[in-house]
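# need coordinates for the below:
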Amino acid sequence: MKDKIKKWVEKDGRVFLKEVGLKIGQTVLDFGSGSGHYAIPASRVVGKDGKVYAFDKDNDALRELEETVRRFGLKNIELINGDTKVSLEDNSVDVVLCYDVIHYLKNRKVIYDEVYRVLRPSGFLSLYPKHHKEDYPLMELANIDLDKITEEVEEANFIFERKFSKRLLHDEYYNEGYILNFKTKKREGAKNV
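This is a model prediction of the structure:
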């Protein structure tokens, strides 16, 4: 494991995710987990009473994560293979991390709708929209700024809570990026706590 990734997984990632809002005992979905740069520290933050679902369509990345999970002896991470539909029950997770993912899709609403479906009414979405107009523009976010991203997430039944700039891991290096946190809009017949 490269030094920066090791430092992130063992220390910095936990500090970062606590600042994002993760807590002991939560159930977390890492949507587009890749090889686990967020799933692994998340599993340590939520602890033995919590659960992390690492969801990705890349089988090679999930195999790499599976090996890391085994090597570290992590018991609270479950790997899920899939594209945009997650094989989890409705209202089953407290937090969804969606980091460096949405630039791949033109129709990002399919992700937002799936995230909304699996989040508990009291849960939140933490989004790192890397590759937007002001942050190494690429693919489907190249011409979109953070305000537009915030607006499209809000249109998908979310309420913007906060935006903050943090030092975080992107691929194999550290960079400064904006994190956007959203809570779910109140569902009919449900209470947002």
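# mind showing which ranges of the chain have poor pLDDT?
For the chain, the stretches flagged by pLDDT under 70 are 1, 188-193.
# redo that, cut-off 80
Along the chain, segments meeting pLDDT under 80 span 1-4, 187-193.
# quick check, central residue of it?
Most central in the chain under Cα atoms, centre = their mean is Leu97, positioned 1.5 Å from the mean C-alpha point.
# and the helix or strand harbouring it, what does it pack against?
Per DSSP states H and E, Leu97 falls inside strand 93-99. Using 3 or more Cβ pairs under 8 Å, 6 or more residues apart in numbering; DSSP states H and E, the elements in contact with strand 93-99 are strand 27-31, helix 109-118, strand 119-128. In this view, the C-beta of every residue, glycine as well, is placed from N, C-alpha and C.
# list the contacts of the helix or strand harbouring Glu152.
In the assignment (DSSP H and E), Glu152 maps to helix 146-154. Residues external to helix 146-154 that are found in contact with it (Cβ atoms under 8 Å, 6 or more residues apart in numbering): 102, 108-109, 112, 125, 127, 129, 132, 134, 141, 160, 163, 178, 180, 182.
# so how far is that helix from its chain's centroid?
16 Å (Cα atoms, centre = their mean, to the nearest Å).
# pull the CA atoms of it into CSV?
Provided in CSV are the C-alpha atoms of helix 146-154 (Å, rounded to 0.1, in the frame of the first residue of the first chain):
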residue,chain,number,x,y,z
LEU,A,146,-21.1,23.5,-7.4
ASP,A,147,-24.3,25.7,-7.3
LYS,A,148,-25.8,23.7,-10.2
ILE,A,149,-24.8,20.4,-8.5
THR,A,150,-26.4,21.5,-5.3
GLU,A,151,-29.6,22.5,-7.2
GLU,A,152,-29.9,19.1,-9.0
VAL,A,153,-29.5,17.2,-5.7
GLU,A,154,-32.1,19.4,-4.1
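# so after it, what's the next helix or strand?
strand 158-170.
# please name the nearest non-neighbouring residue to Glu78.
What sits nearest to Glu78 in space, not counting adjacent residues and going by Cβ to Cβ, 6 or more residues apart in numbering, is Tyr53, at 5.4 Å.
# OK, contacts around the residue nearest to Ile5 when sequence neighbours are not counted?
Excluding the flanking residues, the one nearest Ile5 by Cβ to Cβ, 6+ apart is Glu172, at 6.1 Å. If you count contacts by Cβ under 8 Å, 6+ apart, Glu172 has them with Lys2, Lys4, Ile5.
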